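Engineer: attaching a predicted model along with its sequence, questions to come.
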Amino acid sequence: MSPLLRRRGGRSGAPPREPAHPAAGGDWAEDIDWTDPRTDELEPIQRGSVVDSMIRWSERRRRPRTPRTPRQRRRILIRRLVALVVLGVLALAAWFLVSFYQPFHGPGTGAVTVSIPQGSSGSQVATLLARDGVVSSSFFFGLRASLDGDSGKYRAGIYTLKRNMSYSAALSALMKPGLSEEVALTIPEGFTRWQIAALARKAGLRGNYMKASTAAAAHFSPQAWGAHRGVTSLEGFLFPATYYLDRHGWVSSLVQKQLAAFRLNFATINMRYAHSRDLTRYDVITIASIIEREAQVQTDGPKVSAVIYNRLREGIQLGLDSTLLYYLHDPTGAKATRELDRALGDNTPYNTRRFFGLPPTPIANPGVLALEAAAYPKHDTTLLYFVDKPYTCGALAFASNIVTFNREVAAFNAAVKANHGAFPARCNGSGGATPPKTGAKTSSSHKANKKKQK
């Protein structure tokens, strides 16, 4: 018997088993190699390897796909677009929530001093904080404050905050009283350093404003703007505006705010025409300071500027009392007439009746309108004179020749005499007399004399 027909694990000498297969029974069956499924164990099925599976998958991928119909392609495209829109909306919603609630935001770093003016609205406070880097977004901060009901609860004052604070931390800090009480200090256009110093003392600021407004103390160089080497005063650079300060703060803080405001506003001035006339930025500032002292009506500023440009071109002295009044520390012209008469003989470069050209420094601190007029005068190359026009609200009468100018001077002197020596002024036809612009005019006896010199 063939060993293949023997049971696995069978003993030798055991009686032969009966043929189990229907085909068994003959001598020929002994040569068949088969296994009885009823008694013998089945051999394990050999499965393909992972490599074989990948090969079969790759072959299926290479099989040509059944072409999709246009309708099927349209449905697939729509499903993909819808999926993209949903993902975009979810991403936008997640970004909005994270930006609004700032769950991962830290407490902030560094320190920044922020001044909240009295009566500031929620949007103004949000813009102020975002500008100073306290919060990252004025929109989200304002929205957060509105939803929390805090947008109208801000307290005016000076706060020391951190940069890049969370909205909730910034709101919490602003709900508390500021470090100190704040005061609004308004500096009119055309004021001098001495006048501003008086305002600073009255406001309760500490320190010496005259010293603080020097080049060395403020770390500001007038020479970088075209001033002569010996100029140390910051006259002309102390921008007039309303500033919010600690009531008991230092004047140096006011000076720095003024210089920052000056840089910001002067950057808007077009200097092309002035440069074409060989005038520096410092010359333009000086001309603007004269305009502040001489022109009370806004529309007269470019004309006064034209007179100065034309006199500089023709080599004629400016002949201004306003420059001498600055030299006398009397911008309002309140001192006795004899002091001005005596100053006319002084050998000072501020005596523009004797010396040619502009005074060595500005004689006031001009605003942006005067700076614009100084940089771009009225294009009238004939104007050489101006005099006060009586019975107007500070308007000036301009002339291109001495005959017309003398006629305007005679009209002015007659009005002064009729008004018993007082300055003849009338606004809006009301008949009420108004004084000339502060610091821009002299006494009536010198007004005509001054204009005759122009």
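Structural biologist: Done, it's in.

Engineer: please make it C-alpha for all contacts and neighbour counts, starting now.
Structural biologist: OK.

Engineer: contacting residues for the closest residue to residue 405 other than its chain neighbours?
Structural biologist: Spatial nearest neighbour of residue 405, excluding adjacent residues (C-alpha to C-alpha, 6 or more residues apart in numbering): residue 399 at 5.3 Å. Shown in contact with residue 399 (C-alpha atoms under 8 Å, 6 or more residues apart in numbering): 383, 384, 385, 386, 405.

Engineer: what's the neighbour count on the second one?
Structural biologist: Meaning residue 384. Residues lying near residue 384 (other C-alpha atoms under 10 Å) number 24.

Engineer: so it touches residue 305, yeah?
Structural biologist: No. Residue 384 is not in contact with residue 305 according to C-alpha atoms under 8 Å; the separation is 10.3 Å.

Engineer: packing partners of the helix or strand hosting residue 413?
Structural biologist: Counting by DSSP states H and E, the element that carries residue 413 is helix 402-418. In terms of contacts (3 or more C-alpha pairs under 8 Å, 6 or more residues apart in numbering; DSSP states H and E), helix 402-418 is packed against strand 385-388, strand 396-399, helix 444-452.

Engineer: can you tell me which of the ones you listed the model trusts least?
Structural biologist: Of all these, the minimum mean pLDDT falls on helix 444-452 (a mean of 38).

Engineer: now tell me which helix or strand of the protein has the poorest mean pLDDT.
Structural biologist: Using mean pLDDT, DSSP states H and E, helix 444-452 stands out as the lowest-scoring helix or strand of the chain, at a mean of 38.

Engineer: what's the helix or strand for residue 59?
Structural biologist: Using DSSP H and E, residue 59 falls in helix 50-62.

Engineer: what is the mean pLDDT for the helix or strand following that helix?
Structural biologist: Using DSSP H and E, the helix or strand that follows helix 50-62 in sequence is helix 70-101. Mean pLDDT, helix 70-101: 81.

Engineer: skip ahead from helix 70-101 and say which helix or strand is next.
Structural biologist: The element immediately downstream of helix 70-101 (helix or strand, assigned by DSSP H and E) is strand 109-116.

Engineer: where in the stretch 101-250 of the chain is pLDDT low?
Structural biologist: Where the stretch 101-250 of the chain drops to pLDDT under 70, the residues are 101-104, 106-107, 118-119, 148-153, 156, 177-181.

Engineer: now do the helices in it.
Structural biologist: Assigned by DSSP state H, counting those that start in this stretch, the stretch 101-250 of the chain shows helices spanning 122-131, 138-148, 167-174, 193-202, 209-212, 215-218.

Engineer: of all those helices, which one is nearest residue 339?
Structural biologist: Among the helices of the stretch 101-250 of the chain, helix 193-202 comes nearest to residue 339, with 18.9 Å by C-alpha to C-alpha.

Engineer: CA-only coordinates of that closest one, as CSV, when you get a sec.
Structural biologist: Provided in CSV are the C-alpha atoms of helix 193-202 (Å, rounded to 0.1, in the frame of the first residue of the first chain):
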residue,chain,number,x,y,z
ARG,A,193,6.7,130.1,23.4
TRP,A,194,6.2,132.7,26.1
GLN,A,195,2.4,132.6,25.6
ILE,A,196,2.4,128.8,25.7
ALA,A,197,4.5,128.8,28.8
ALA,A,198,1.9,130.9,30.5
LEU,A,199,-0.9,128.5,29.5
ALA,A,200,1.2,125.6,30.8
ARG,A,201,1.6,127.2,34.2
LYS,A,202,-2.1,128.0,34.4
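
Engineer: which positions in it come out as buried?
Structural biologist: 193, 194, 195, 196, 197, 199, 200 (16 or more other C-alpha atoms under 10 Å).

Engineer: now those in JSON lines, please, with extra columns for distance to residue 376.
Structural biologist: Listed next are the buried residues of helix 193-202 as JSON lines, based on distance: C-alpha to C-alpha, whole Å:
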{"residue": "193", "distance to residue 376": "26"}
{"residue": "194", "distance to residue 376": "29"}
{"residue": "195", "distance to residue 376": "28"}
{"residue": "196", "distance to residue 376": "28"}
{"residue": "197", "distance to residue 376": "31"}
{"residue": "199", "distance to residue 376": "31"}
{"residue": "200", "distance to residue 376": "33"}
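
Engineer: for residue 136, give me phi and psi.
Structural biologist: Main-chain torsions, residue 136, degrees, to the nearest 10: phi -80, psi -20.

Engineer: returning to what we had before: between the helices of the stretch 101-250 of the chain, which gets nearest to residue 331?
Structural biologist: Of all the helices of the stretch 101-250 of the chain, it is helix 193-202 that lies closest to residue 331, at 8.9 Å by C-alpha to C-alpha.

Engineer: who touches the closest one?
Structural biologist: 185, 187, 208, 209, 210, 213, 235, 238, 251, 329, 364, 365.

Engineer: give me the buried subset of those residues.
Structural biologist: Burial by neighbour count, judged by 16+ other C-alpha under 10 Å, picks out 185, 187, 209, 210, 213, 235, 238, 251, 329, 364, 365 from these.

Engineer: which one of these is nearest to residue 318?
Structural biologist: Nearest to residue 318 among the buried ones among the contacts of helix 193-202, counting by C-alpha to C-alpha, is residue 364 at 16.6 Å.

Engineer: residue 351 versus residue 259, what's the distance?
Structural biologist: Distance of residue 259 to residue 351, computed by C-alpha to C-alpha, to the nearest Å: 28 Å.

Engineer: and these two? which has more neighbours close in?
Structural biologist: Comparing residue 259 with residue 351 by other C-alpha under 10 Å, the one with more neighbours is residue 351, at 26 against 20.

Engineer: could I get the contacting residues of the more buried one?
Structural biologist: 319, 320, 321, 323, 324, 343, 344, 359.
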